[in-house]
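> The following block contains a protein sequence and its predicted model.
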Amino acid sequence: MNRTVRDNAEASRYEIFEDGRLAGFTDYKITGKKIAFNHTETLDGFTGRGVAGHLIAEELADARRRNLAVLPFCPVVRGRIARQPEEHLDLVLIEDRQRFDLPA
């Protein structure tokens, strides 16, 4: 199985492909130096296979590379950050953490 994540900037979403087929996506909006992750969806036939987790790991890594602060409106993205704060919490600015119920 081959998974590829790409930033489809024209559609404002990260997309994950599995063996060349679209398997899921996360909608986002960039404002200044912040990226708001709004909604993550795994498409039918791809659920329960770790697709969303792989997608979120890649998009958070890309936010870090691009020096963008993260606004995790999507509960799946927020959950990943909450479960792995040592890896991802620093992507959420301290002043934004309370609104997402994340530790300061």
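Perfect, I can see it now. Model, not experiment: these values are computed from the prediction.

> number of nearby residues for Leu55?
Leu55 is flanked by 25 other residues according to other Cβ atoms under 10 Å. C-beta coordinates here come from the backbone N, C-alpha and C atoms, glycine included.

> so what's it closest to, chain neighbours aside?
Ile16 (4.2 Å; Cβ to Cβ, 6 or more residues apart in numbering).

> Look at the one you found and give its secondary structure.
strand (DSSP: H, G, I helix; E, B strand; the rest coil).

> so how far is Leu89 from it?
23 Å (Cβ to Cβ, to the nearest Å).

> More neighbours: which of these two?
Remark: of Ile16 and Leu89, Ile16 carries more neighbours, 25 against 16, as counted by other Cβ under 10 Å.

> thinking again about what came up before, is the residue nearest to Leu55 in a bridge, and if so with what?
Under DSSP bridges, the beta-bridge partners of Ile16 are Val5, Gly24.

> Gly53 is in contact with that one, correct?
No. Ile16 is beyond contact range of Gly53, at 10.1 Å (criterion: Cβ atoms under 8 Å).

> pLDDT averaged over the longest helix along the chain - what is it?
When the chain is parsed with DSSP state H, its longest helix is helix 51-65. In this model, helix 51-65 carries a mean pLDDT of 98.

> same check, this time on stretch 4-12
98.

> what does it rub up against?
14-17, 25, 27-30, 54-55, 58-59, 62 (Cβ atoms under 8 Å, 6 or more residues apart in numbering).

> Just the buried ones from those, in ChimeraX syntax?
Buried members of these, defined by 16 or more other Cβ atoms under 10 Å, are picked up in ChimeraX with:
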select :14,15,16,17,25,27,28,54,55,58,59
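
> In CSV: the contacts of stretch 4-12, plus distance to Arg80.
Putting the contacts of stretch 4-12 into CSV (distance: Cβ to Cβ, whole Å) gives the following:
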residue, distance to Arg80
Tyr14, 13
Glu15, 17
Ile16, 14
Phe17, 20
Phe25, 16
Asp27, 16
Tyr28, 14
Lys29, 19
Ile30, 19
His54, 11
Leu55, 10
Glu58, 11
Glu59, 10
Asp62, 14
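
> out of the contacts of stretch 4-12, who's nearest Asn2?
Phe17 (8.2 Å; Cβ to Cβ).
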